[in-house]
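> Structure for this input, please:
(one chain, ligands or ions: 2)
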Amino acid sequence: MAKIKTTYFCQNCGNQFSKWQGQCTACKEWNTIVEEVIQKPEKSNWKTPTNTSKRVSKPLLINEIDVSQEARIQTNDAEFNRVLGGGIVPGSLTLLGGEPGIGKSTLLLQIALKLQHKTLYVSGEESQKQIKMRAERINPNSSNCYILTETKTQNIFKQIEALEPDIVVVDSIQTLHSDYIESSSGSISQIKECTTELIKFAKETATPVILIGHITKDGNIAGPKILEHMVDTVLQFEGDRNHVFRILRANKNRFGSTNELGIYEMQGSGLREVSNPSEILISKKDEELSGNAVAATLEGMRPLMIEVQALVSTAVYGTPQRSATGFNAKRLNMLLAVLEKRAGFRLGAKDVFLNITGGITVDDPAIDLAVVAAILSSNEDEALQKDVCFAAEVGLSGEIRPAQRVEQRILEAEKLGFSTIFVSKYNKISLKNTAIKIQLISKIEDLVEFIV
Ligand code: TYD
Ligand code: MG
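Ligands and ions are numbered 1, 2, ... in the order given. Okay, the predicted model is just below:
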């Protein structure tokens, strides 16, 4: 029997090593290298059909390239189309990630059921009967959607060749298995191999493929980071499983902007598109609490509204406690010192606790103003209006400093239904006719005046 071949992969960047090591020399991450059994594929899984294999690519003048057949496929779901940048691009590979139970399968099945095109929904997670039961709840009269329960890529490609679908949905990439690789489904080498085959198939036949990807504890898509580099679009479906609202956003999009987001509500009959996002805020209206403030932050390129909670109370022990979750504790001390010195608040004898909700950590300095507002609100025991948000940095002399790409934050806040946003007077804003009121302030006293 031939010796089993094993190799070592970095779970972060997908780099391959011949022996184990503590740190990946490519991406410098620690403890990410794992051993996997492989058997290099001698031939590829997806065989190019003979009629197209003779096609040889030659350089074309950019003006001569015909884009007319590249018309996007419009789904019935306006939010999904918008997040993709105006529909599904033929031959593109889209990866949809999200926590278990958030509604990834529901979203894609729903889109598949409502499509006018011939769609193949491949599931390695549920049986055909289970999918049918789910489909009955969503849209019982679909005539274009085929369901296949299969995990072996060889068999999937065989069915695709016979059916010739216009769109393929795969639930999920972690369940796929290629015979050419010996390691188990969900391992890095399997995910890499199966994705490569699917990309090859998508590009050669101009059939769009949408993949579902599981995410790990820390919110990244399970498998090598390289998976995200391989596909054209990475979508993230997020939300609290205990709440009905879900947000769909693009983390990466080769065919459109990553600034758009789609909002859904999970109902008994599937996901409903929410065209007026302020509904979300209205539903929370009755729980106005002191010490809560919303910050319009940016996470990488993406705007993100984050709730900051502060609790200020009289210190029980001699030394007051200061603790921050998801926020730099040193920066919290600095902001408290600024409040003490510039706004005359006696916070020296008080415990201050700060928490960024949702378990996220924020480095964006523009969260400062929301932190200060939450602290002031808790100190005064006075709730802020629910539909107000903040985006500015606070300087040592109490000045309100401009936030980066403030217009993007303002548009996000507007989209999410906020009525007022506090930003620095020193920001250059060229937005006109916004529904949201832009409150310009220059020093911390201006904010104190508003809250107290
Ligand atoms: P699912 O799409 O299976 O999640 P994922 O594929 O991301 O793991 O969705 C699971 C949840 O959605 C499940 O807890 C039940 C809920 N749900 C509804 O509330 N209404 C519906 O019509 C459907 C189909 C699911
Ligand atoms: Mg699922």
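> what number of residues lie near residue 320?
17 (other C-beta atoms under 10 Å). In this view, the C-beta of every residue, glycine as well, is placed from N, C-alpha and C.
> what's the nearest residue to it if we skip its chain neighbours?
For residue 320, ignoring the flanking residues on the chain, the nearest one in space by C-beta to C-beta, 6 or more residues apart in numbering is residue 351 at 5.2 Å.
> was I right about that neighbour contacting residue 316?
Yes - judged on C-beta atoms under 8 Å, residue 351 makes contact with residue 316 at a distance of 7.4 Å.
> Contact residues of the stretch 101-250 of the chain facing ligand 1?
Residues of the stretch 101-250 of the chain found near ligand 1 (C-beta under 6 Å from any ligand atom) are 101, 102, 103, 104, 105, 106, 134, 137, 138.
> separation between the closest residue to the last one other than its chain neighbours and residue 397?
If the residues on either side of it in the chain are set aside, residue 138 comes closest to residue 270, at 4.0 Å by C-beta to C-beta, 6+ apart. Using C-beta to C-beta, to the nearest Å, we find residue 270 at a distance of 53 Å from residue 397.
> Also residue 237?
Distance from residue 237 to residue 397, by C-beta to C-beta: 43 Å.
> Which secondary structure state does residue 201 sit in?
helix (DSSP: H, G, I helix; E, B strand; the rest coil).
> Now for it: which residues touch it?
The contact partners of residue 201, by C-beta atoms under 8 Å, 6 or more residues apart in numbering, come to 46, 157, 160, 207, 209.
> Kindly report the same for residue 314.
Counted by C-beta under 8 Å, 6+ apart, residue 314 has contacts 349, 350, 351.
> Endpoint to endpoint, stretch 237-252 covers what distance?
Its start and end residues considered, stretch 237-252 measures 13 Å (C-alpha to C-alpha, to the nearest Å).
> what stretches of the protein score poorly on pLDDT?
Applying pLDDT under 70 to the chain flags residues 1-4, 39-56, 67-70, 217-224, 240-243, 276-287, 299-302, 358-361.
> what does the domain assignment say about it?
Following automatic domain parsing, the chain resolves into domains at 1-39, 73-275, 281-451.
> Buried residues, the first one. List them.
Spelled out, it's domain 1-39. By 16 or more other C-beta atoms under 10 Å, the buried positions in domain 1-39 come out as 7-15, 24, 32-33, 36, 38.
> Could you point out which of these is nearest to ligand 1?
Ligand 1 has its nearest neighbour among the buried residues of domain 1-39 in residue 11, at 21.8 Å by C-beta to the nearest ligand atom.
> and residue 148, what element?
strand 145-149 (DSSP states H and E).
> Comparing residue 237 and residue 397, which shows the higher neighbour count?
Higher neighbour count among residue 237 and residue 397: residue 237, with 23 against 10, using other C-beta under 10 Å.
> ok, now which ones touch the more buried one?
Residue 237 neighbours (C-beta under 8 Å, 6+ apart): 96, 97, 98, 102, 103, 104, 107, 246, 247, 248.
> got a markdown table for those, with secondary structure and neighbour count too?
Below are these laid out as a markdown table (DSSP: H, G, I helix; E, B strand; the rest coil; neighbours: other C-beta atoms under 10 Å):
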| residue | secondary structure | neighbour count |
| --- | --- | --- |
| 96 | strand | 24 |
| 97 | strand | 27 |
| 98 | strand | 24 |
| 102 | coil | 20 |
| 103 | coil | 21 |
| 104 | helix | 24 |
| 107 | helix | 26 |
| 246 | strand | 24 |
| 247 | strand | 22 |
| 248 | strand | 27 |
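> Check the secondary structure at residue 403 for me.
On the three-state scheme (three-state DSSP), residue 403 is labelled coil.
> circling back to that earlier point, among the contacts of residue 201, who's most crowded?
Of those, with other C-beta under 10 Å as the count, residue 209 tops at 27 neighbours.
> Direction included, what does the longest strand seen in the chain pair up with?
Longest strand in the chain by number of residues, with DSSP state E as the criterion: strand 302-314. Applying DSSP bridges to the sheet, strand 302-314 is found paired with strand 292-299 (antiparallel), strand 350-356 (antiparallel).
> Please identify the deepest-packed of the ones you listed.
Among the strands paired with strand 302-314, strand 292-299 has the highest mean neighbour count (mean count of other C-beta atoms under 10 Å), at a mean of 24.
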